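# For reference, the sequence and a predicted model appear below.
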Amino acid sequence: MGTIYYGGGATPIHIEDRALAHLKVIIATKLRRGESFTLSWRHPEDQPRGRSTIWLQESIPLRFVFDDAEPTMLSPEWMEELASSANSSGGIMLVSEHFDNVPHAPVADNAESR
């Protein structure tokens, strides 16, 4: 389980490492371009029911912490889906990865983003 630390004294946000690796690339790309946006997610089953949204902008401190020391192989399809939602008026909605039987070439999460 990875963690996002956002803002000064904010409560850590726990997100599964694979999802966090994908989000990191999308978020870094948007913030590097100077684009502010929202990030929304449903609460995990071990938390009270509901969902949360945060406003992300480049001037607020942000740190990603991964439990796994090795970089995650990223799914181009999931990256595209997250990037599309990042460019919508509703911001990024963290959705589950969709698996299919079509092989794809994964990219490392430390690869240069779009």
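That came in fine, so what should we check first? Numbering: from 1, shown residues only.
# for the residue lying closest to Gln57 once chain neighbours are set aside, phi and psi?
Closest residue in space to Gln57, ignoring its immediate chain neighbours: Ser36 at 4.0 Å, by Cβ to Cβ, 6 or more residues apart in numbering. C-betas here are computed from N, CA, C, even on glycine. Main-chain torsions, Ser36, degrees, to the nearest 10: phi -90, psi 150.
# Can you give me the distance of Ser36 to Lys30?
Distance of Ser36 to Lys30, computed by Cβ to Cβ, to the nearest Å: 8 Å.
# With neighbour numbers in mind, choose between these two.
More crowded of Ser36 and Lys30, by other Cβ atoms under 10 Å: Lys30, with 22 against 13.
# isn't there a helix covering the more buried one?
Yes - using DSSP: H, G, I helix; E, B strand; the rest coil, the secondary structure at Lys30 is a helix.
# what's near enough to touch it?
37, 56, 86 (Cβ atoms under 8 Å, 6 or more residues apart in numbering).
# what are the ranges of the strands in this protein?
Secondary structure of the chain (DSSP state E): strands at 2-6, 13-15, 37-42, 51-56, 62-65, 73-74, 92-93, 107-108.
# Summarise which helices and strands the fifth one is packed against.
With contacts defined as 3 or more Cβ pairs under 8 Å, 6 or more residues apart in numbering; DSSP states H and E, the secondary structure elements packing on strand 62-65 are strand 2-6, helix 17-32.
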